[in-house]
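A.B. asks: Here is my input; please provide its structure:
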Amino acid sequence: MLMRAQERVADRYELTYPVGHGGMGEVWAGFDEKLDRPVAIKFLRQLTVPEGERENAVERFMREARVTARLDHPGVPSVHDVGYHGDDIYLVMQLVPGMVLADLIAERGPLSVPWSAAIGAQICSVLAAAHVASLVHRDLKPQNLMVTPTGTVKVLDFGVAALLGPTDGPRLTATGHTLGTPTYMAPEQAMSSVVGPRADLYALGCVLFELLTGSPPYRADSPLGMLHRHLNDPVPSVAEHRAGVPDGLVRLVTHLLAKDPQHRPASAAEVYEILMPFGSVAPEIAADLAVTVADGQVVDPTMPYRYPFGPVPQQEPLPPARRDVVPRPVPVDRVQPPSFEELAEAQDRAWELAEQERFTQAAELLETALRNVPKGQVKLPRILELRVNLANLHVLAGAYRQALPEFQRLVGDLRQRPVPDQELIWGCRQQAAVCQVELGEATAALTELRSLLAEQRQAVADPADLFELRQQIATLAAGIGAVADARRQLEDLLGDVRGRYGAQAPVAAEIEALLANLDRLGDGDTSR
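C.D. replies: This next block holds a predicted model:
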């Protein structure tokens, strides 16, 4: 069945937009309504699998899903769910943010040696875990590798992976083709011959070659021509395409690209140990290697995470199997800037989601709508309103790290308007301080709130409008250990509240309870 945007799966997941598709399946970005989080949903289209292979294909898809779910590794997207949707099987996984490695190479060309080695080491860490779990990726390529905003490399799409060891039925295939991508395919995989973990190491060699030179090791005009070159052409040397690459790294890439699997390194763990020294650089050099990969965040992937490999057991290779050729993804046209009508529709939909307490999805919807707004329009009143709504949705969703910089940018942009909305600016500053508190930056938040209170005392006509802010400051002061200061502020506030609303007012009782809690702290004041 054909999938559509906003279609619901398992009465829980809402499809939002297609991510990619192949001969037997497709991947959608979606949203988990129960846990209020974005997800990726992969579908196996059973009807596209030859009828005689369908039962085994389903069985293997489910088994691979379970094995992948057990790969407890930071470089593998988490598997959340699996089930049936009509005639199709779906797999729900973590939706990974960041930049696809293929796009990073296209944008920057050859990467530095430390960058390339660090990325390669992280890939090895994932492969070692997968191989120990009896899983071969089979389609490792830059399009299936993601650099996240934190610099972590995620290995995507184990969907064409094959389990190691004795087979219990035909693989997930379409007759007459080879699973994988010809540009990065090991010779034995191209021949539909014996395929094991060292096929992944060959693909890793192709990826490292491209990282260091900007191009894959072989080029051809057709998939068949590409497979022929992998089988018959001499192994190219990185040194022939780029000067200055250390000899040890050149030898490793050549070793990985050996035609005979037995002539390649024994394991991903072994390759990891070889790559690690090339990925370590001095701090002052590392600063020069940092790059923006997503959402304006600067990361440095030259310090890959370590993974406790332990011994990697030797695996018997799989018997020959036929595979599909997976076509390269079709590039998506650049999205046009949204119209004001489209932005209004996005806001209405976001409010509907927020009313259902689907705050993360609502924030993602607005964020997507605002992403393509031209820079010259981001300070227009209508756009500023949407940005404020987005920042507040991040707070409601608990995404304080996303909300804080948004509020801080809003303060600057709101101040530049011909007639600044001072109350809105104060509100954004106060919300930014709330985010700082949640992120453990209480001292900075307290400084900002005190500054805000001083400004408002000069401008606010009714002192009662400051009661909430004063209580917030006192509570925060107590939280960082300034108990005596907090007590004085609360006692002053309590007197003002009683004078305005009476001793029996609920807000007075709340302040009295705070003072009682401070009394229990006794002499634990660190401000003296």
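
A.B. asks: Check what pLDDT the closest residue to residue 485 other than its chain neighbours gets.
C.D. replies: Spatial nearest neighbour of residue 485, excluding adjacent residues (C-beta to C-beta, 6 or more residues apart in numbering): residue 477 at 5.0 Å. Any C-beta I mention is one placed from the backbone N, CA and C, and that applies to glycine too. On pLDDT, residue 477 comes in at 85.

A.B. asks: what about the strands in the stretch 101-250 of the chain?
C.D. replies: 135-136, 145-147, 153-155, 162-163 (DSSP state E, counting those that start in this stretch).

A.B. asks: meant to ask about the stretch 251-400 of the chain, not that
C.D. replies: Along the stretch 251-400 of the chain, counting by DSSP E, counting those that start in this stretch, strands occupy 291-294, 297-299.

A.B. asks: if we can go back for a sec, using the three-state scheme, assign the residue nearest to residue 485.
C.D. replies: Using DSSP: H, G, I helix; E, B strand; the rest coil, the structure places residue 477 in helix.

A.B. asks: ok, it to residue 490 distance?
C.D. replies: The gap separating residue 477 from residue 490 is 9 Å, by C-beta to C-beta, to the nearest Å.

A.B. asks: Residue 260 too?
C.D. replies: Applying C-beta to C-beta, the value for residue 260 to residue 490 is 77 Å.

A.B. asks: One more: residue 437?
C.D. replies: Residue 437 is 18 Å from residue 490, by C-beta to C-beta.

A.B. asks: Looks like residue 38 contacts residue 363 (just checking).
C.D. replies: No. With contact defined as C-beta atoms under 8 Å, residue 38 does not count as touching residue 363 (10.1 Å).

A.B. asks: out of those two, which sits in the more crowded spot?
C.D. replies: Per other C-beta atoms under 10 Å, whichever of residue 38 and residue 363 has more neighbours is residue 363, with 26 against 16.

A.B. asks: which residue is nearest the middle of the chain?
C.D. replies: For the chain, residue 97 is the residue whose C-alpha lies nearest the centre (C-alpha atoms, centre = their mean; 2.9 Å).

A.B. asks: out of residue 437 and residue 490, which sits in the more crowded spot?
C.D. replies: Legend: neighbour count by other C-beta under 10 Å for residue 437 and residue 490, higher for residue 490 (24 against 20).

A.B. asks: Return the residues in contact with that one.
C.D. replies: Neighbour list for residue 490: 471, 474, 511, 514-515, 518 [criterion: C-beta atoms under 8 Å, 6 or more residues apart in numbering].

A.B. asks: Point me to the helix or strand that includes it.
C.D. replies: Applying DSSP states H and E as the criterion places residue 490 in helix 483-501.

A.B. asks: State the next helix or strand along the chain beyond that helix.
C.D. replies: helix 506-521.

A.B. asks: In terms of secondary structure, what does that next one contact?
C.D. replies: Contact partners of helix 506-521 among helices and strands, from 3 or more C-beta pairs under 8 Å, 6 or more residues apart in numbering; DSSP states H and E: helix 467-479, helix 483-501.

A.B. asks: Where in this structure is the helix or strand with the lowest mean pLDDT?
C.D. replies: strand 162-163 (a mean of 46; mean pLDDT, DSSP states H and E).

A.B. asks: just the helices in the stretch 251-400 of the chain please.
C.D. replies: 268-275, 283-289, 340-355, 359-371, 381-396, 400-415 (DSSP state H, counting those that start in this stretch).

A.B. asks: Give me the distance between the first one and the centre of its chain.
C.D. replies: With C-alpha atoms, centre = their mean, to the nearest Å as the basis, the distance from the averaged C-alpha position of helix 268-275 to the chain average is 25 Å.

A.B. asks: And for the last one?
C.D. replies: Shown here is helix 400-415, whose average C-alpha point lies 22 Å from the average C-alpha point of the whole chain (C-alpha atoms, centre = their mean).

A.B. asks: between it and helix 359-371, how many degrees?
C.D. replies: 40 degrees (axes from the mean of the first three to the mean of the last three C-alpha atoms, to 10 degrees).

A.B. asks: Beyond helix 400-415, next helix or strand please.
C.D. replies: By DSSP H and E, the next helix or strand past helix 400-415 is helix 422-438.

A.B. asks: Can you point out the buried residues in that next one?
C.D. replies: Within helix 422-438, the residues that count as buried by 16 or more other C-beta atoms under 10 Å are 424-438.

A.B. asks: now swap in stretch 128-146 and tell me
C.D. replies: For stretch 128-146, by 16+ other C-beta under 10 Å, it's 128-133, 135-146.

A.B. asks: returning to what we had before: give me the distance from the helix holding residue 490 to the chain's centre.
C.D. replies: Its chain's average C-alpha position is 46 Å from that of helix 483-501, according to C-alpha atoms, centre = their mean.

A.B. asks: what stretches of the stretch 401-528 of the chain score poorly on pLDDT?
C.D. replies: 439-440, 481, 520-528 (pLDDT under 70).

A.B. asks: at 80 instead, please
C.D. replies: Confidence mapping of the stretch 401-528 of the chain against pLDDT under 80 gives the ranges 437-442, 478-483, 517-528.

A.B. asks: quick one, what contacts residue 154?
C.D. replies: Each residue near residue 154 by C-beta under 8 Å, 6+ apart is listed here: 75-77, 96, 98, 145-146, 148.

A.B. asks: Turn these into JSON lines, including distance to residue 186.
C.D. replies: Formatted as JSON lines, these follow (distance: C-beta to C-beta, whole Å):
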{"residue": "75", "distance to residue 186": "21"}
{"residue": "76", "distance to residue 186": "21"}
{"residue": "77", "distance to residue 186": "24"}
{"residue": "96", "distance to residue 186": "25"}
{"residue": "98", "distance to residue 186": "27"}
{"residue": "145", "distance to residue 186": "17"}
{"residue": "146", "distance to residue 186": "22"}
{"residue": "148", "distance to residue 186": "27"}
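
A.B. asks: and these, which are buried?
C.D. replies: Buried among those by 16+ other C-beta under 10 Å: 75-77, 96, 98, 145-146, 148.

A.B. asks: quick check, nearest of the residues you listed to residue 374?
C.D. replies: The closest of the buried ones among the contacts of residue 154 to residue 374 turns out to be residue 98 (C-beta to C-beta; 24.1 Å).

A.B. asks: thought the closest one was touching residue 148?
C.D. replies: Yes. Counting by C-beta under 8 Å, residue 98 touches residue 148, with 3.9 Å between them.

A.B. asks: these two touch, right, residue 473 and residue 446?
C.D. replies: Yes. Under the criterion of C-beta under 8 Å, residue 473 makes contact with residue 446 at 6.8 Å.

A.B. asks: The two: which is more packed in?
C.D. replies: A side-by-side neighbour count of residue 473 and residue 446, using other C-beta under 10 Å, places residue 473 first with 23 against 20.

A.B. asks: roughly how far apart are that one and residue 444?
C.D. replies: 13 Å.

A.B. asks: looking at it, residue 184 is touching residue 216, isn't it?
C.D. replies: Yes. Taking C-beta under 8 Å as the definition, residue 184 is a contact partner of residue 216 at 7.0 Å.

A.B. asks: wait, what's in contact with residue 503?
C.D. replies: Here residue 503 is in contact with no residue (C-beta under 8 Å, 6+ apart).

A.B. asks: Could I get the phi/psi values of it?
C.D. replies: Main-chain dihedrals, residue 503, degrees, to the nearest 10: phi -70, psi -20.

A.B. asks: Quick one: the strands of the stretch 101-250 of the chain as TSV, columns for distance to residue 81 too.
C.D. replies: Converted to TSV, the strands of the stretch 101-250 of the chain look like this (distance: least, C-beta to C-beta, whole Å):
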stretch	distance to residue 81
strand 135-136	19
strand 145-147	21
strand 153-155	19
strand 162-163	21
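
A.B. asks: Quick check: which of these is nearest to residue 230?
C.D. replies: Nearest of these to residue 230, taken as C-beta to C-beta: strand 135-136 at 17.2 Å.

A.B. asks: gap between that closest one and the chain center?
C.D. replies: 23 Å.

A.B. asks: what lines up beside it in the sheet?
C.D. replies: Using DSSP bridges, the strands paired with strand 135-136 are strand 162-163 (antiparallel).

A.B. asks: pLDDT value on residue 325, please?
C.D. replies: Value for residue 325, per-residue pLDDT: 41.
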